[in-house]
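Engineer: fold the following for me, if possible:
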Amino acid sequence: MKQLLCILFTSALWVLLTWPPAGVDLGVGLIVSLLVATLLAHIYPGAPQKALDPRRWFWMAVYLPYFLYYCVKSNFDVAYRVLHPDMPIRPGIVRVRTTLESEMAKTFLANSITLTPGTLTVDIDGPDLYVHWICVKGTDPEAHTAAIVKGFEGLLRRIFE
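Structural biologist: Now for the predicted structure:
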């Protein structure tokens with residue numbers, strides 16, 4: 001079942017990337033999908049059938065504009081810090097804790113943090129993420145978690161867990 005879903009997802013991605021589909025493209029895509037499924041199905045998530053749940057797709061559709069909003073907001077914040085004469089930055093690495101349990105959800109959270117300007121996920125250690133932050137305020141891990149992680153966490157839980 002896992003390998004079949006891997007073939008289907010990989011084939012769908014291939015079709016989307018090579019749109020409009022042609023006979024040769026579909027044939028090559030099927031061969032590549034079979035090869036990928038054979039070689040890499042063991043690294044796919046444990047329950048890939050969860051991706052077929054329409055509620056998860058809905059929450060992903062909610063998450064994308066939410067993420068985009070914070071990405072644009074962070075771009076303006078970083079631009080302000082670059083253009084400000086006193087360069088108001090205080091970079092540092094902070095530890096934040098996530099309540100997400102699946103590896104896929106943690107990876108998506110780490111990537112979302114990294115794609116948001118001013119932050120970079122350096123490491124994931126169990127429930128802890130180590131994030132390089134452009135302007136560290138205080139030393140309270142709970143405050144850092146609330147500022148960096150909490151906004152993304154609830155939506156990602158609905159998508160991946």
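
Engineer: the residue most central in space within the chain: what's it in contact with?
Structural biologist: In the chain, the residue lying closest to the centroid (C-alpha atoms, centre = their mean) is Phe108, at 2.5 Å. If a contact means C-beta atoms under 8 Å, 6 or more residues apart in numbering, then Phe108 has Leu156, Ile159, Phe160 as its contacts. For glycine as for every other residue, the C-beta is placed from the backbone atoms N, C-alpha and C.

Engineer: so what's the last one closest to, chain neighbours aside?
Structural biologist: Pointing back at Phe160 there. The spatial neighbour of Phe160 that comes closest, neighbours along the chain excluded (C-beta to C-beta, 6 or more residues apart in numbering), is Ala105 at 3.7 Å.

Engineer: just to revisit the earlier point, okay, the residue nearest to the centre of the chain and His84: tell me how far apart.
Structural biologist: Computed as C-beta to C-beta, to the nearest Å, the Phe108 to His84 distance reads 32 Å.

Engineer: next, count neighbours for Val122.
Structural biologist: 13 (other C-beta atoms under 10 Å).

Engineer: could you list the buried residues of stretch 32-42?
Structural biologist: The neighbour-count criterion (16 or more other C-beta atoms under 10 Å) identifies Ser33, Val36, Ala37, Ala41 as the buried residues of stretch 32-42.

Engineer: quick one: mean pLDDT for it?
Structural biologist: Here stretch 32-42 scores 83 as its mean pLDDT.

Engineer: okay, now the domains of this protein?
Structural biologist: Listed by automatic domain parsing, the domain ranges of the chain are 2-49, 53-160.

Engineer: which stretch in those domains has the least confidence?
Structural biologist: Among those, domain 2-49 carries the lowest mean pLDDT (a mean of 82).

Engineer: which helices and strands sit right next to the helix or strand containing Trp59?
Structural biologist: Here Trp59, judged by DSSP states H and E, is contained in helix 54-83. Applying 3 or more C-beta pairs under 8 Å, 6 or more residues apart in numbering; DSSP states H and E, we find helix 54-83 packed against helix 103-115, helix 150-160.

Engineer: make CSV out of the ones you listed and add distance to Asp128.
Structural biologist: Output for these, formatted as CSV (distance: least, C-beta to C-beta, whole Å):
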stretch, distance to Asp128
helix 103-115, 10
helix 150-160, 14
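
Engineer: which one of the ones you listed lies closest to Thr18?
Structural biologist: helix 103-115 (24.7 Å; C-beta to C-beta).

Engineer: thanks a lot, catch you later.
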